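Participant: With the sequence up front, the predicted model follows.
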Amino acid sequence: MERGTGAARRRWPHVALAGYAVVCFLALVWPVYDLLGNRIEPFVLGLPFSFAWVAGWALLTFAVLVGYYLLCEGRD
Amino acid sequence: MESATSPAIVVAVVVVYLIANLVVGILPGRRVSGSATGFVAGDRSLGLLVMYFITGATIFSAFAFLGGPGRVYSRGAAAFYILAYGVLGFLPFYFTGPRAARLGRRYGFVTQAEMVARRFRLPAIAGVMAAISLIAFVPYLALQIQGAGLVVAAVTGGRVPNWLGGLVVYAVVCAYVLNSGVLGAGWTNVFQGLFMMVLAWVLGLYLPWHLYGGVGAMFRRLAEERPELLTAPGLTGSGAPWTWGQYTSSVFVSIVGFSCWPHLFMKAFTAKRERTLRQTVVLYPTFQIFLIPILLIGFSGVLFESAPATPNEILPHLLMHLDLSPVVVGLFCAGALAASMSSGDTMAHATASIVVRDGLVCALGRRLDPVAERRAIRIALVLVLIASYAVAVTYEGSIVDLLLYYAYGPVVQFAPALLATLFWRRATGRGVLAGMIVGILVYLAVLLWKSLAVGDLHPGFYALAANAAVLVLVSLAAPAVGSEAEAEYLQVARTPGREG
């Protein structure tokens, strides 16, 4: 692994991850969740929107973490 | 209880599955030496696949399988908090895990408390952490025992009562942990985890389809008949609306507390590579996706024709009252039982080791030779299980609340100490110690006297705030910066290991 070179030295991925974590947390709790995600309709894949909203953040977080990992750890 | 499914076949499948599980679990255990170090050394080479399922096994315990559907069934969207906290719950470990791993390699730590106490050269810290671990693990274990009792009662059609089922299953757990260590290690967890994921999806999609004609059809009916269940923060146990303060603070306390769990945190000392720890964190949100079918199962029970005795029993109740293949029902019940056992044995073993190593040896300064230490761990194990069993048979609330309020409130008090130990140069041992003591006292006070608190939040939230504030203030009040040894300790934590 090429730690300390390239991406690992850049600051922005860390700042971006911290920012994402804050946004994601707020999206999952009051008041942002209540304002934006907390309703029954529209249904998404059969799930009420309030349920799909939370599940969607789980998927998005997975994608963001994969991106962060690849940026910071590089490839073998 | 009348069952649509033949109980004899279900019981037979459960028994065969559990025997197979015990054999798979005990055989690898035999090859590793029985000593405390052998137990850990056996884990030294944990690769990604095994790490993934071991962390996943913390989700696939009685908490998820019985507590999850039970909470949805009685309280609707209040259960979404479980899905929500797991999204970010493991993220702190991406940063704390590798640091702890480097320190563990250098100083040979086995427990979390050893790591904290070593930096500050303050054995009392290990003692306080051992006490808090005990307070946190007993309700977590009680939940696993209750879950096992519920499953046994369900598959035997109520002929074996909950208290007896829990007693028998955990007597077996106690016996094999005393003899050969934990069952839920390594490949058993991989097999178990995969099996439960597949079954969770099968049941989570089948039950709504069978009862309502599909997931979408189920939710459209619920939207007409019980819309209050479909929007957060859902309901309380008695059916009144739950509060956003409780929902939000529960998500927060669970996120902060999750990666502080000693049995999980200790994995940092056993993984093969730092990269494996990071990859496990990256993959963790995928486990949340497997909670979706678990919640669907709970929703499918809401409009079911009959109701279980308590919401915790909704899943076994559905399984036994539908015309399902007894083999599928048996496999699922066996899997749920094995999930309770494989989580329970790890927790019981961790608690006993922590009480002896951190409490007796580190904090109280007892010198124990390896034989005496093993004996002490065994005695502690039996006592911990007895205490947990006592809680399991007397506690009558929901399985989820047992974890959320009684286990997470204490365990989250480790978070400021762990962060300060790994990241903060100015932190002092006195600050860490004072923070944790104030934290656990505030937690207990708010739990016992709700009127002490301003507003209506999770008791652990007030305690966490007090804990962090005391840690920072007491640390900053000390005049000088710590010793050379502390500087070296932090240098070790910061320096990435050689990956190979």
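Facilitator: Thanks, I have it. Remember, predicted model here, so these are calculated numbers, not experimental data.
Participant: Chain A: helices as residue ranges?
Facilitator: Taking DSSP state H as the criterion, chain A carries its helices at A:12-28, A:32, A:49-73.
Participant: Just name the most buried of those helices.
Facilitator: With neighbours defined by mean count of other CB atoms under 10 Å in any protein chain shown, none of those is more surrounded on average than helix A:49-73, at a mean of 19. C-beta here means a position set from N, CA and C on the backbone, and glycine is covered the same way.
Participant: and that helix, anywhere near chain B?
Facilitator: Yes: Helix A:49-73 comes into contact with chain B (CB under 8 Å from any CB of the partner chain), by way of A:50-51, A:54-55, A:57-59, A:61-62, A:65-66, A:68-69, A:73.
Participant: where in chain A is pLDDT low?
Facilitator: For chain A, the stretches flagged by pLDDT under 70 are A:1-9, A:74-76.
Participant: Identify the residues contacting the closest residue to chain B within chain A.
Facilitator: The nearest approach of chain A to chain B comes at A:Gly46, 3.3 Å away (CB to the nearest CB). With contacts defined as CB atoms under 8 Å, 6 or more residues apart in numbering or on different chains, the neighbours of A:Gly46 are B:214-219.
Participant: Could I get those in a markdown table, plus columns for secondary structure, pLDDT and neighbour count?
Facilitator: Putting those into a markdown table (DSSP: H, G, I helix; E, B strand; the rest coil; pLDDT from 0 to 100; neighbours: other CB atoms under 10 Å in any protein chain shown) gives the following:
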| residue | secondary structure | pLDDT | neighbour count |
| --- | --- | --- | --- |
| B:Gly214 | coil | 95 | 14 |
| B:Val215 | helix | 96 | 22 |
| B:Gly216 | helix | 96 | 15 |
| B:Ala217 | helix | 97 | 14 |
| B:Met218 | helix | 97 | 22 |
| B:Phe219 | helix | 97 | 23 |
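Participant: Let's have the residues you listed in a markdown table, adding distance to chain A.
Facilitator: Formatted as a markdown table, those follow (distance: CB to the nearest CB, whole Å):
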| residue | distance to chain A |
| --- | --- |
| B:Gly214 | 7 |
| B:Val215 | 4 |
| B:Gly216 | 3 |
| B:Ala217 | 8 |
| B:Met218 | 8 |
| B:Phe219 | 5 |
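Participant: quick one, what contacts the residue nearest the centre of chain A?
Facilitator: Geometric centre of chain A, nearest residue: A:Thr61, 3.2 Å, by CA atoms, centre = their mean. Contacts for A:Thr61 (CB under 8 Å, 6+ apart) come out as A:20, A:24, B:87-88, B:285.
Participant: ok, these vs B:Arg273, which is closest?
Facilitator: Distance ranking of those against B:Arg273, using CB to CB, places B:Pro285 first at 21.1 Å.
Participant: roughly how far apart are that closest one and B:Tyr94?
Facilitator: Counting by CB to CB, to the nearest Å, the separation of B:Pro285 from B:Tyr94 is 12 Å.
Participant: what sits in contact with each of these two?
Facilitator: Applying CB under 8 Å, 6+ apart, one finds that B:Pro285 and B:Tyr94 are jointly contacted by A:Leu65.
Participant: Looking at the two, which is more packed in?
Facilitator: It is B:Pro285, of B:Pro285 and B:Tyr94, that has more neighbours when counted by other CB atoms under 10 Å in any protein chain shown, with 24 against 21.
Participant: Leaving out sequence neighbours, find the closest residue to that one.
Facilitator: The shortest distance from B:Pro285 to any non-neighbouring residue, by CB to CB, 6 or more residues apart in numbering or on different chains, is to A:Phe62 (4.1 Å).
Participant: B:Ser388 now?
Facilitator: The spatially closest residue to B:Ser388, leaving aside those adjacent along the chain, is B:Leu141, at 3.7 Å (CB to CB, 6+ apart).
Participant: Run a quick neighbour tally on whichever residue of the stretch 51-200 of chain B sits closest to chain A.
Facilitator: Taking CB to the nearest CB, chain A has its nearest neighbour within the stretch 51-200 of chain B at B:Ala84, 4.3 Å off. The burial count assigned to B:Ala84 is 29, neighbours taken as other CB under 10 Å.
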